[in-house]
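> got a sequence here, can you build the structure:
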Amino acid sequence: MKPHLLILFLTYCIPLWSIAQSDIAAANRNYGIKSCRIVYTFQNGPQSGSKIVTFDQWGAIEKEEVTTMTDTGLMRKALTDAPAPVNKMALPGVQHVLLIKDTKTKYTIDLGKMIGYVTHASALQVGPDFLEKNSIVVGNDTILGKPCVIREMHQAFRFWVWNKIVLKKKLIQNGPEINVAEYATEIDEDYVMKPDEFKVPPNIKVQ
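This is a model prediction of the structure:
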């Protein structure tokens, strides 16, 4: 797989495996714990940044706060062979995105432009069951004191999973042109949810 395709895959698809699409009922719990706040750091080729995931009700409601910094020169080089309009898309140096999801609705909010977009949640979400069905167990590990099962997909990606939550993911075909990884740096199982934790900020124009 070409580097630019791997970058796009990890940037736009892999995060979806940690997104809720479930019933609150015990048989359909999205995660193995009721609520949590997890801080991640990531590297996707010429992109790097941080992600804060907060969820409640076993993952039925969730939000992600993502800050992405892009080396625009390297990214443009990686997209050289990509078809239009991908190779012509704008490449901001820093992006701040807020995602808010429940079982029915997903909001994607550009905090730089203060614009939000709403979609039907189930149309785009891929739950943890997808990872379990399309990967194999290759080992065990511990991340921040949490026991993880290591799952491998297509001999290309590895995921460290705790309570159905991916705490680490890594492209295992890393080469000199690309490095793709994401891992948790902080896990707070006692985080106290704010009253407006999962509400769209009032100054956002939703389209």
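
> hey, where'd the strands end up in the protein?
Listed in chain order, the strands of the chain (DSSP state E) span 36-44, 47-56, 61-70, 94-101, 105-110, 115-120, 136-143, 146-153, 157-162, 165-171, 180-188, 205-206.

> of those strands, which is nearest residue 84?
When those are compared by C-beta to C-beta, strand 61-70 sits nearest residue 84, at 19.4 Å. The way it works is simple: take the backbone N, C-alpha and C, and place the C-beta from them, glycine included.

> any idea of the mean pLDDT in the closest one?
For strand 61-70, the per-residue pLDDT values average out at 94.

> and what of stretch 91-103?
So the average pLDDT for stretch 91-103 ends up being 89.

> one step back: could I get the strands of the chain as TSV with mean neighbour count and distance to residue 85?
Formatted as TSV, those follow (neighbours: other C-beta atoms under 10 Å; distance: least, C-beta to C-beta, whole Å):
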stretch	mean neighbour count	distance to residue 85
strand 36-44	19	20
strand 47-56	20	19
strand 61-70	19	17
strand 94-101	18	18
strand 105-110	18	18
strand 115-120	13	18
strand 136-143	12	36
strand 146-153	17	28
strand 157-162	22	27
strand 165-171	22	25
strand 180-188	17	23
strand 205-206	10	24
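
> OK, contacts around residue 152?
Taking C-beta atoms under 8 Å, 6 or more residues apart in numbering as the criterion, residue 152 is in contact with 135-138, 158-159, 172.

> from those, which two are the most distant?
137 and 172 (14.8 Å).

> if we can go back for a sec, which of the contacts of residue 152 lies closest to residue 62?
Taking the contacts of residue 152 together and measuring to residue 62 by C-beta to C-beta, the closest member is residue 159, at 17.8 Å.

> I'd guessed residue 169 sits against residue 157; true?
Yes: judged on C-beta atoms under 8 Å, residue 169 makes contact with residue 157 at a distance of 6.4 Å.

> which regions of the protein sit below the pLDDT cut-off?
1-28, 75, 78, 86-88, 121-127, 174-178 (pLDDT under 70).

> gap between the nearest residue to residue 33 once chain neighbours are set aside and residue 37?
Residue nearest to residue 33 in three dimensions, not counting chain neighbours: residue 163, with 5.2 Å by C-beta to C-beta, 6 or more residues apart in numbering. Using C-beta to C-beta, to the nearest Å, residue 163 is found at 14 Å from residue 37.

> picking that back up, wait, which of the contacts of residue 152 is closest to residue 103?
Of the contacts of residue 152, the one sitting nearest to residue 103 (C-beta to C-beta) turns out to be residue 159, at 23.4 Å.

> beta partners of that closest one?
Residue 159 has these beta-bridge partners by DSSP bridges: residue 151, residue 169.

> between the strands of the chain, which one is nearest to residue 130?
Residue 130 lies closest to strand 146-153 among the strands of the chain, at 9.9 Å (C-beta to C-beta).
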